[in-house]
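**Q** Okay, here's the prediction I keep looking at, along with the sequence it came from:
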There are 2 protein chains.
Amino acid sequence: MGARSLLLLSNSTLHNGKYLEWAKPEILDILTRKNVTRVLFVPFASFQHDEYTNTVKQALEPWGFQVEGIHSAPDPVQAVEKAESIFIGGGNTFLLLRTLYSNGLIGPIRKQVLENGVPYIGSSAGTNVATVSINTTNDMPIVYPPSFSALGLVPFNINPHYQDPDPNSKHMGETREKRINEYHEIESSPPVLGLREGSLLLVEGNSALLKGHFKARLFARGKEPTEYEVGSDLGFLL
Amino acid sequence: MGARSLLLLSNSTLHNGKYLEWAKPEILDILTRKNVTRVLFVPFASFQHDEYTNTVKQALEPWGFQVEGIHSAPDPVQAVEKAESIFIGGGNTFLLLRTLYSNGLIGPIRKQVLENGVPYIGSSAGTNVATVSINTTNDMPIVYPPSFSALGLVPFNINPHYQDPDPNSKHMGETREKRINEYHEIESSPPVLGLREGSLLLVEGNSALLKGHFKARLFARGKEPTEYEVGSDLGFLL
């Protein structure tokens, strides 16, 4: 497991920002350290595979990377097996996970990332599917996947786009914290890291560094939530 | 189908209000018109069945109704078959639907409501499960139900707690409208009624009256969303 190299972004785009721009230094770093020039992009969190892949090309090609959309590959499993790096973008987590299953990609991606050390970048839904399960996604369940179990590249869950309660809100929907606490009423539910927009987790071997703009909130069954500052190593979760 | 009598609430409690208070006139009306004195309450959207049932008792007993929690019944299917009225409360929609399935209640509730005309009251998650499917719930998928198909008491879906986009928000999560539009990229997806908090739909026979405090927003695949004022009859959806 020591070989894994993951960059898990809460989100792809900041308010008024360009696609992936806020995370550019981290993306360049994880890819260039492994001499990666090709990125296999998985657009399955969207229905518009070509359009989405073009967005990613426009962001990553000027930084020196070739981008291939996995939907264009004759054999998606083989595309994963040959990938130098894998990027799964955001969108709808249910649609993404269902399409990973229907293309038989769960095992091959796990193997490439955990055994062969191929760098994995995930954003939003792409971060959700990198964890134990999609039980803590914020998305609408527009399609029914065969399971909520995900890639399991880390042994905990993440809640991307984490939001603190708005004290002025009169809306009666559950806060994010309340939803995660409900999840933790379930026995053996794993810890959940609330990653605020503009934050990311860099997992390399047995370290899990919190980077980006904001601290993160860690929830664990039966415990009070804890805030971790940028720069914290959450390797104890691995 | 002419016999059905449904009260579908967006939510149970308004900001600073008491449980179910905002919908009291409608609840009294639908129950007393059918000479109902007993309410079978389904607390399965929560893990705390006793506590939740007590909340409902405290609201409904002073209004003259006896409340029984279905979890206390020796045989939940029989409890449904004998019910004078059924109320399914809010909480987590995934947990609720999974528990309805595991108790074998989908068919019996459908039969009681659609064939025998037993009044059905739903709130939030209880409104979601009354529709075609839970594909347009806002909840976190904390458990995996055997299907997203729901009771199908009406042939469309509802998005409860519907929220308009906040023009000042810098949060990059999808707006509610965007999420519903993504759902409508799926062929044969049914219309979705966005019910704002403080609004409800009264379905009787072939009429579906919008009542409560706010207009509702109707989404249908391939069409522009349409607003309907309080008092509108959405019976064309039935």
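**A** Structure's in. What do you need? Residues are numbered from 1 along each chain as shown, chains lettered A, B, ... in the order given.
**Q** For chain A, what lies in contact range of chain B?
**A** Within reach of chain B by CB under 8 Å from any CB of the partner chain, chain A has these residues: A:11, A:13-15, A:47, A:92, A:94-95, A:134-144, A:147-148, A:161, A:163, A:170-174, A:179-180, A:182-183, A:185-186, A:189, A:197. (Glycine included, C-beta is placed from N, CA and C.)
**Q** Just the buried ones from these, in ChimeraX syntax?
**A** In ChimeraX, this line selects whichever of those come out buried by 16 or more other CB atoms under 10 Å in any protein chain shown:
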select /A:11,13,14,47,92,94,95,134,135,136,137,138,139,140,141,142,143,144,148,161,163,172,173,174,179,180,182,183,189,197
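**Q** Which ones among the residues of chain A next to chain B lie within helices?
**A** A:94-95, A:179-180, A:182-183 (DSSP state H).
**Q** So of the residues you listed, which two are at opposite extremes in space?
**A** Greatest spacing in these, by CB to CB: A:95 and A:182 (23.5 Å).
**Q** Now the most far-flung residue of chain A relative to its centre: closest residue in space that isn't a chain neighbour?
**A** When distances to the mean C-alpha position of chain A are computed (CA atoms, centre = their mean), the maximum falls on residue A:170, with 30.9 Å. Excluding its sequence neighbours, the residue lying closest to residue A:170 (CB to CB, 6 or more residues apart in numbering or on different chains) is residue B:15, at 3.9 Å.
**Q** isn't the one you found right up against residue A:173?
**A** No - counting by CB atoms under 8 Å, residue B:15 does not reach residue A:173; the two are 11.3 Å apart.
**Q** now residue A:5, nearest residue through space, not along the chain?
**A** Excluding the flanking residues, the one nearest residue A:5 by CB to CB, 6+ apart is residue A:119, at 4.5 Å.
**Q** Ramachandran coordinates for the one you found?
**A** phi -60, psi 140 (degrees, to the nearest 10).
**Q** ok, now how distant is it from chain B?
**A** 24 Å (CB to the nearest CB, to the nearest Å).
**Q** just the strands in chain A please.
**A** Taking DSSP state E to define them, one finds strands in chain A at A:5-9, A:38-42, A:66-69, A:86-88, A:120-123, A:157-162, A:192-196, A:199-204, A:207-212, A:216-219, A:226-228.
**Q** Which neighbouring elements make contact with the first one?
**A** Applying 3 or more CB pairs under 8 Å, 6 or more residues apart in numbering or on different chains; DSSP states H and E, one finds that strand A:5-9 contacts helix A:24-33, strand A:120-123, helix A:125-128, strand A:199-204.
**Q** Sheet partners, orientation included, of the last one?
**A** Right, the one you point to is strand A:199-204. Applying DSSP bridges to the sheet, strand A:199-204 is found paired with strand A:5-9 (antiparallel), strand A:207-212 (antiparallel).
**Q** Select the longest helix from chain A.
**A** helix A:49-60.
**Q** Which among the strands of chain A is found nearest to residue B:209?
**A** Residue B:209 lies closest to strand A:157-162 among the strands of chain A, at 36.6 Å (CB to CB).
**Q** What are the contacting residues of that closest one?
**A** A:8-11, A:90, A:124-125, A:127-128, A:130-133, A:135-138, A:176, A:180, A:190-197, A:201, A:216-217, B:171-173 (CB atoms under 8 Å, 6 or more residues apart in numbering or on different chains).
**Q** now stretch A:173-187
**A** Applying CB under 8 Å, 6+ apart, the external contacts of stretch A:173-187 come out as A:135-136, A:138, A:159, A:162-165, A:189, A:192, A:194, A:217, A:219-222, A:225, B:47, B:92, B:95, B:138-140, B:142-143, B:161, B:163.
**Q** ends of that stretch, how far apart?
**A** 24 Å (CA to CA, to the nearest Å).
**Q** again, but for stretch A:127-136
**A** First-to-last residue span, stretch A:127-136, CA to CA: 11 Å.
**Q** Mean confidence (pLDDT) on it, please.
**A** The average pLDDT within stretch A:127-136 is 98.
**Q** ok, and what's touching it?
**A** Applying CB under 8 Å, 6+ apart, the contact partners of stretch A:127-136 are A:6, A:8-10, A:88, A:90, A:93-94, A:96-97, A:100, A:120, A:122, A:137, A:139, A:145, A:148-160, A:179-180, A:183, A:189-190, A:192, A:195, B:140-143.
**Q** Can I have the buried ones of those as a PyMOL selection?
**A** Only the buried members of the contacts of stretch A:127-136 enter the following PyMOL selection, criterion being 16+ other CB under 10 Å:
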select buried, (chain A and resi 6+8+9+10+88+90+93+94+96+97+100+120+122+137+139+145+148+149+150+151+152+153+154+156+157+158+159+160+179+180+183+189+190+192+195) or (chain B and resi 140+141+142+143)
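**Q** show me what contacts the residue nearest to residue A:14 when sequence neighbours are not counted?
**A** In space, and not counting its chain neighbours, residue A:14 is closest to residue A:22: 4.8 Å by CB to CB, 6+ apart. Residue A:22 makes contact with A:13-14, A:198, A:212-213, according to CB under 8 Å, 6+ apart.
**Q** Please look at residue A:15 and residue B:172 and confirm they touch.
**A** Yes - judged on CB under 8 Å, residue A:15 makes contact with residue B:172 at a distance of 6.3 Å.
**Q** Low-confidence stretches in chain A?
**A** A:1-2 (pLDDT under 70).
**Q** what residue is smack in the middle of it?
**A** Note: chain A centre (CA atoms, centre = their mean) maps to residue A:127, 1.0 Å.
**Q** List the contacts of the residue lying closest to it once chain neighbours are set aside.
**A** Spatial nearest neighbour of residue A:127, chain neighbours left out: residue A:8 (4.4 Å); criterion: CB to CB, 6+ apart. By CB under 8 Å, 6+ apart, the contact list for residue A:8 reads A:122, A:127, A:130, A:154, A:158, A:195, A:200-203.
**Q** of the residues you listed, closest to residue B:115?
**A** Closest to residue B:115, out of all of the contacts of residue A:8 and judged by CB to CB, is residue A:158, at 45.6 Å.
**Q** Perfect, I'm done here.
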